[in-house]
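In: Dropping a prediction and its sequence here:
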Number of protein chains: 2
Amino acid sequence: MSAEVICIGTELLLGDILNTNCQYLARELAKLGIPHYYQAVVGDNVTRIHQAIDTAVKRSSILIFTGGLGPTPDDLTTETIASFFKTSLVEDPAITEDISRKFASVGRVMTPSNRKQAYLPQGAKSLPNPTGTAPGIIWQPKDDLTLMTFPGVPSEMHRMWQETAVPFLKSQGWGKETIYSQMMRFRGIGESALAEKVAHLFDSNNPTVAPYAGKGEVRLRIAAKAASKAQAAEVIEPVVREIKNIAGLDYFGSDQDTLASVVGKLLQHGRQTLSVAESCTGGGLGAMLTEIPGSSGYFLGGVIAYANQVKHSLLQVSDRDLEKYGAVSGIVAEQMALGIKQRLQTDWGIGITGIAGPSGDTATKPVGLVYIGIATPENQTMAREYRFGQQRGRELIRYLSSCSALDLLRRSLIERQQPKD
Amino acid sequence: MSAEVICIGTELLLGDILNTNCQYLARELAKLGIPHYYQAVVGDNVTRIHQAIDTAVKRSSILIFTGGLGPTPDDLTTETIASFFKTSLVEDPAITEDISRKFASVGRVMTPSNRKQAYLPQGAKSLPNPTGTAPGIIWQPKDDLTLMTFPGVPSEMHRMWQETAVPFLKSQGWGKETIYSQMMRFRGIGESALAEKVAHLFDSNNPTVAPYAGKGEVRLRIAAKAASKAQAAEVIEPVVREIKNIAGLDYFGSDQDTLASVVGKLLQHGRQTLSVAESCTGGGLGAMLTEIPGSSGYFLGGVIAYANQVKHSLLQVSDRDLEKYGAVSGIVAEQMALGIKQRLQTDWGIGITGIAGPSGDTATKPVGLVYIGIATPENQTMAREYRFGQQRGRELIRYLSSCSALDLLRRSLIERQQPKD
C-alpha cells in the first residue's frame, strides 16, 4: 500500500504557481507513516490526466489529487476521473444547496457554472470543503484503490485534509504506525552554530534530529516512530529536554508557537499590557501580535509613525533628537517606546525605527540598520541596534525587525518573571 | 517535442524540502516556448527511478532531471540513468581535476566519494557546474531523446541552466518561439462571474485566456506564443484591452501591481496623502501600504486602535456612539477615518473595524462582519459593510479587510481623477 500525489493544473506547468501542496501532503503522509513514492504534475487536459491516472493505478493504492475542482471550463478533474473509470456523474442536491447557501451568505447568487461543482462520480462520497465552494470526493472505484480530490487552494485543501481525510485514512486502518514530531523553534542563534551544539544528536535513529533554516528562526525537527502518538512522544521527550537545556533562552517554542503567541502568553501570565510604535515596519508588528486570537487581552494598540512629524506629534519624540541623532537611532527608538507606552497607558512599549530600503540609506546608516526600543513598566528604556544587511531585501528586513522586537520583549519578560536567587 | 521534469530526492517525498526547482524549470521552459506537460517526483531508489524514466521516454523527448548528483551513496541519478540505457560509466579526468581544484581552493582535499561525480555515461557530455562540485550531463542516448541532469541545489541549477542548458537547447533549434503572458488582476468580482463575462475568449488559441483564483483577488492570464516578445505582446494587446473594457473598475492592475501599489500611484499622481486607523486588522493595512518602496511619499502613518479607549483617546471616536452602535459599526468606521485624517493632517483617512474571530461575535454581529470608513479631502465620510463569513477564518478575514479598504479607496481616487463629462 502506498500513496501517490497527482497535482492538476496548467498553471503549475507554466510556473505561474509554486506547488506547495506537494510538500504539505508529503509531510502529512509521512506523519501518518503512509509510504509515498511518487508525485506527478499534469495540466488541465483529459488525455494527459487519464495517462497520469493509468500510470498511478498500476503502482499506488491511494491517489490524492489536488486542483481542477473550480467552476470554470478548464477545471476537469472530477469529470476526467469519472470518465477514466467509465462512471457517470450525478448531482448531489445537498452540495448544490450548500454552495448556494455559501453564495447567499456573502450576498451573492450562485452562478450556473458553480453548479457543476455539485456533480460527483456515482458511488463517490463528497469530501466537504468548509471554507470554499468546491467539495472534493472520496471514492473507492474498485478494491484496493482509494481516490481523494482536493481543490488547489492550499488553505481549503489543508482544512479538508485535517478534518476529513486524516480521520478517513485512519478509519481504513492506514496510518497505524505514527511518526510524531516536534518542531523546536529558536531565535538568536544561527543554524550552523546550533547544529554544532547539538551535533551529537544527529546520528540518533529514533528519534531523529534534523535542522531546518526558517524565516527569522532556526528549527530542529525531533521525530520518532512508534505505535502510538503517546509512545512516540515518550521517545522524543528526553531529547527535547536536552536541547532546551543546551539552547537556553534561544529556544522560544515548538510547533504552533510563534514569537507573538509566546509573548502573548507571558504578558497574560503577568497580567500586563503592551503597545507599539512602528516606523519602518509600518504596522507589521501590530499585525503579527494581533494574528493571535485573544490578543485584545494584552495588546491595546499603537501608532504607525511612518513620517517624522507623527513621531513627534503622537509619540512626543523630541524634535531636537530627531534632528541631532536622526529618526533611525537608538534614542528615537527609546522615545517611541516610552511615548506609546505613556500615551496608551500600557505596562510595556516597543518602538521600531530603521531603514528597510531599497533607498533611504546614508553614509553612516546602511539599509538594514534597525533600532528597537523597549519601555518597561517602570518607564526605564533600552534600545538595541540590528544590522540585517542590505542584501536581505525590504520585505525580510521588515519581517526580521518585527521578530527581533518580539524576541527582545520575550527575553525581558522571562528574565523578570524568573524567581531571583 | 515536449519536455518533462523529473525531480529525484527522498527528501521531497518526506516533505522536508519545498520543490522550487519545478516552478523554475516550468517558467524557463515556458519562456523558451518548449511544451511541458508532465512533472514527476521520485525518491532515491533505482527501481522507481527506472520506472519514472520508462514512463517519461514514451511521452517526452527532453528529460530534465534535478537532484541526486551529490557524493553520498544515496545519490544515484547518474548511474541509474546509465543503467536504464544499458550504458557504462566512464571517468572524465577533466572533471576529476576540476573537482579536486575546487576542493583545493577552499583548503580542503577531495574525498574519494567526490570522485564518483566525475563518472559520466559513455557518450554523454558534462554540463559544467561553476558554483558547486557536481556537474550535470547532456546526453542523447538515442534519436529524438535528450537528457539533462542538474543538482538539486537551486542556485547551482539556475546558473547551469542559464549558462549551458539554454544555449544548448537553442542550438538544437528549440526555444525559437517565445511565450509571453500578462496576469490581469481583479477585485470586486468573483471568479465565476468574471469567467462568465469573458467566456467567449476562453476558446481562443493564441492568445489563450485562463482564469485563476487568488487570495483576495481573481486573475486572468493572457498568454501568447510568437517569434519574439514584442510580437507576442502585440497578440495580447487587443484582448487585454477588451477585458479591461468588460471589467471596468473591477480590473485593478497586471503582473507586479498590487492594490497597495496601485493606490500609491493614484495618491502620488494626485499629490495626496493618506493615514489609516485600524482595529481588527491590527496594523496589517499599514504593513500592506508600506510594503511598497517609496510609500513614505504619500503614507504618513496611523493608529492601531485595538482597544476601544484608543479609538476614543487618539481618534476622537464618540464614546456615546461606541456605546450606542458598538465598536463594529459604520458610524465608528467613519469617525475613525475622519479622526486619523484630522490628527495626521492627511488628505484621506481610512478606518477599519470588524470582528475577525474566532470569538467576539454577538447575536446581531457575526464573525467576518467588517466596516470600512473613508474620509475624503473635504472631510466627507462614508462607510461600507462587508460580510466575509465566519468560515473564512481569522487570517483571511483580516487580509480581505485590508484588501477591501485599499480597493474602496482606489475606486474613490479613480472616480475623482476621471474628467467629468
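Out: Arrived safely. Residues are numbered from 1 along each chain as shown, chains lettered A, B, ... in the order given.

In: Would the helix ranked longest in chain A count as contacting chain B?
Out: Ranked by number of residues, the top helix in chain A under DSSP state H is helix A:394-417. Yes: using C-beta under 8 Å from any C-beta of the partner chain, helix A:394-417 comes into contact with chain B via A:Arg394, A:Glu395, A:Arg398. (Glycine included, C-beta is placed from N, CA and C.)

In: Which pLDDT does the model give the residue located most distally from the centre of chain A?
Out: Using C-alpha atoms, centre = their mean, the residue of chain A lying farthest from its centre is A:Arg320. It sits 42.4 Å away. Looking at A:Arg320, its pLDDT stands at 97.

In: just A:Ser2 next, same as before
Out: 93.

In: How about the contacts made by it?
Out: A:Ile34, A:Pro35, A:His36, A:Tyr37, A:Arg59, A:Ser60, A:Ser61, A:Ile62 (C-beta atoms under 8 Å, 6 or more residues apart in numbering or on different chains).

In: and the residue nearest in space to the middle of chain A, helix, strand or coil?
Out: For chain A, A:Gln256 is the residue whose C-alpha lies nearest the centre (C-alpha atoms, centre = their mean; 8.5 Å). When classified by DSSP: H, G, I helix; E, B strand; the rest coil, A:Gln256 comes out as coil.

In: Around chain B, which positions in the stretch 101-250 of chain A sit nearby?
Out: A:102, A:105-108, A:111, A:113-114, A:130-131, A:153, A:155, A:210, A:212.

In: and with 10 Å instead?
Out: For the stretch 101-250 of chain A, the residues found near chain B under the criterion C-beta under 10 Å from any C-beta of the partner chain are A:102-103, A:105-115, A:117, A:129-134, A:151-156, A:159, A:179, A:210, A:212, A:221, A:223.

In: Sort out which of the residues you listed are in helices and list them.
Out: Among these, the ones falling in helices (DSSP H) are A:Lys102, A:Phe103, A:Ser105, A:Pro112, A:Ser113, A:Asn114, A:Arg115, A:Pro154, A:Ser155, A:Glu156, A:Arg159.

In: Buried subset of the residues you listed, written for PyMOL?
Out: This is how PyMOL selects the buried members of these, with burial counted by 16 or more other C-beta atoms under 10 Å in any protein chain shown:
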select buried, chain A and resi 102+103+113+114+115+156+159
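
In: A:Arg398: neighbouring residues, count only.
Out: Using other C-beta atoms under 10 Å in any protein chain shown, A:Arg398 is surrounded by 27 other residues.

In: That one touches A:Val367, doesn't it?
Out: No: if you go by C-beta atoms under 10 Å, A:Arg398 and A:Val367 don't touch, sitting 11.5 Å apart.

In: shared neighbours of these two, anything?
Out: With contacts defined as C-beta atoms under 10 Å, 6 or more residues apart in numbering or on different chains, the residues shared by A:Arg398 and A:Val367 are A:Gly354, A:Ala356, A:Gly357, A:Phe388, A:Arg392.

In: TSV for those, including distance to A:Ile8 and neighbour count?
Out: Listed next are the shared contacts of A:Arg398 and A:Val367 as TSV, based on distance: C-beta to C-beta, whole Å; neighbours: other C-beta atoms under 10 Å in any protein chain shown:
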residue	distance to A:Ile8	neighbour count
A:Gly354	44	28
A:Ala356	39	28
A:Gly357	40	22
A:Phe388	40	23
A:Arg392	36	16
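
In: Sort out for me which of those residues are in strands.
Out: Under the assignment DSSP state E, those contribute A:Gly354 to strands.

In: worst-scoring helix or strand of chain A, pLDDT-wise?
Out: strand A:208-214 (a mean of 77; mean pLDDT, DSSP states H and E).
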